[in-house]
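# below is the structure, and that's it, no one-letter string:
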């Protein structure tokens, strides 16, 4: 399929219709009418017109004077908003500070308290600079540019690296917009990305300070901040490789990946299913999970297991998937000591019973493993702040697409 035909088809799917815009506008008006008298403004992708059809999340910010301070937002500011929205379908969510999600006609509107500041570099909380992001993107993007952002967002979603949240560590909507502004179009972003070698730097306005990240984009409205700080090396590598492949073999599969299909269980896959038994903050939970996964990987390797891969899936519960060459190791292992000429060799000799001098002049011993059950190692390596329970089993058959994708390994956008 020719690249232009692919892009035309994707744009046909992701560009919102007039009817969809009107439906959201009506829902937003219903909420803003409740906030009359407060400084309520629409921001985010809906205000910038870079949102995708079917993605109905809307960001509505309520600004309070800067002098009231950050604490005010979490208490009095939040209370004021909740009072105004009383009787509507609402729930609390948490980021740097709490905010309200209100649901109207199937559309979720995030109502976020923020402080009014005079410029992006005066921001007290992360959301305070949002109006300046909106203004900057509106000024820099034409109608055509907004469609190019839509293509890039859909591409990033398709290859699994869209979103700055800790679960993904990928490209935020704002970073997608900055990439298109910086490189000029969706295809030019891909052409540049296909040649990326980290660290990659894109300066749109001016540099503020030095950053250490795989991707560095000084925020045009606050150059003290790297707008792309969340992008992990894995996400950057995924975009670079996918760009190279798409430019060579354009296909809708990059935007709308096919299901992974049936997959054979290779090696031994241990599943730890985690049920979180109390309300949790998504980003906090995923931060703890990522650290736990690193501990699992390290603990298993130091206990003698050859770890092929560790992954995760999330549906109603969380699943940690540990793929091992084999789940069995012996009770004992070879312990290596110092070379004979080091003074520590005396201590090694006296503290080990079965000890010998190797052909290489080093000391060796036999040690007993403290733990040979990989499931117990996984369970002990988990460290979550929230109350949870686990169920563990060995995978015999993959029944959902997330687990099948883990077994497949090969990205879904690759045939």
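Sure, I can see it. The shown structure was predicted, so the numbers you read here are calculated from the model rather than taken from an experiment. Numbers count the residues shown, from 1 in each chain.

# tell me where the model's unsure across the stretch 251-400 of the chain.
Applying pLDDT under 70 to the stretch 251-400 of the chain flags no residue at all.

# helices of that one, residue ranges please.
Counting by DSSP state H, counting those that start in this stretch, the stretch 251-400 of the chain has these helices, from start to end: 282-302, 344-351, 374-381.

# could you export the ones you listed as a markdown table, including mean neighbour count and distance to residue 196?
Using the backbone N, CA and C atoms, a C-beta is placed for each residue, glycine as well. Below are the helices of the stretch 251-400 of the chain laid out as a markdown table (neighbours: other CB atoms under 10 Å; distance: least, CB to CB, whole Å):
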| stretch | mean neighbour count | distance to residue 196 |
| --- | --- | --- |
| helix 282-302 | 16 | 23 |
| helix 344-351 | 13 | 46 |
| helix 374-381 | 18 | 33 |
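
# residue 195: which of these is closest?
Ranking the helices of the stretch 251-400 of the chain by proximity to residue 195 (CB to CB) places helix 282-302 first, at 29.1 Å.

# any idea of the angle that closest one forms with helix 374-381?
Computed by axes from the mean of the first three to the mean of the last three CA atoms, to 10 degrees, the angle separating helix 282-302 from helix 374-381 equals 130 degrees.

# helix 282-302 packs against which elements?
If contacts are counted by 3 or more CB pairs under 8 Å, 6 or more residues apart in numbering; DSSP states H and E, helix 282-302 sits against strand 307-314, strand 318-324, helix 374-381.

# could you name the helices and strands sitting against the host helix or strand of residue 176?
Assessed by DSSP states H and E, residue 176 sits inside helix 173-183. Packed against helix 173-183, as judged by 3+ CB pairs under 8 Å, 6+ apart, are the following elements: helix 44-48, helix 130-140, helix 143-158, helix 186-193.

# quick check: what element follows the last one along the chain?
Remark: after helix 186-193, the chain's next helix or strand is strand 200-201, criterion DSSP H and E.

# so what's the residue nearest to residue 362 when sequence neighbours are not counted up against?
Nearest in space to residue 362, with sequence neighbours left out and distances taken as CB to CB, 6 or more residues apart in numbering, is residue 339 at 5.3 Å. Shown here is residue 339, whose contacts under the criterion CB atoms under 8 Å, 6 or more residues apart in numbering are 345, 361, 362, 363.

# and residue 278, by the same measure?
By CB under 8 Å, 6+ apart, residue 278 lies in contact with 386, 387.

# ok, now the one 4 residues further on?
Shown in contact with residue 282 (CB under 8 Å, 6+ apart): 165, 167.

# go through the helix or strand encompassing residue 28 and flag the buried ones.
Using DSSP H and E, residue 28 sits in helix 18-34. Neighbour counts using 16 or more other CB atoms under 10 Å place 23, 24, 27, 28, 31, 32, 34 of helix 18-34 among the buried residues.

# ok, stretch 106-118 next?
The neighbour-count check on stretch 106-118 (16+ other CB under 10 Å) flags 107, 109, 110, 111, 112, 113, 114, 115, 116, 117 as buried.

# per the record, what domains does the chain have?
Following the assignment in the TED database, the chain carries domains at 16-137, 141-248, 268-329+370-408, 340-367.

# those domains: which one's closest to residue 261?
Nearest to residue 261, of all these, is domain 268-329+370-408, at 6.8 Å by CB to CB.

# off-centre distance for the closest one?
A distance of 18 Å separates the centroid of the chain from that of domain 268-329+370-408, by CA atoms, centre = their mean, to the nearest Å.

# stretch 178-194 now?
How far stretch 178-194 lies from its chain's middle: 21 Å, per CA atoms, centre = their mean.

# what does stretch 352-364 give?
48 Å.

# spit out the contact partners of residue 382.
By CB under 8 Å, 6+ apart, the residues touching residue 382 are 272, 274, 292, 296, 320, 388, 390.

# quick revisit: which helices and strands does the helix holding residue 28 pack with?
Under the contact criterion of 3+ CB pairs under 8 Å, 6+ apart, helix 18-34 touches strand 39-43, strand 58-65, strand 98-104, strand 107-116.

# out of the ones you listed, the one nearest residue 216 is which?
Set against residue 216 and scored by CB to CB, the helices and strands packed on helix 18-34 come closest in strand 39-43, at 24.3 Å.

# list the buried residues of stretch 210-218.
Neighbour counts over stretch 210-218 (16+ other CB under 10 Å) mark 211, 213, 214, 215, 216, 217, 218 as buried.
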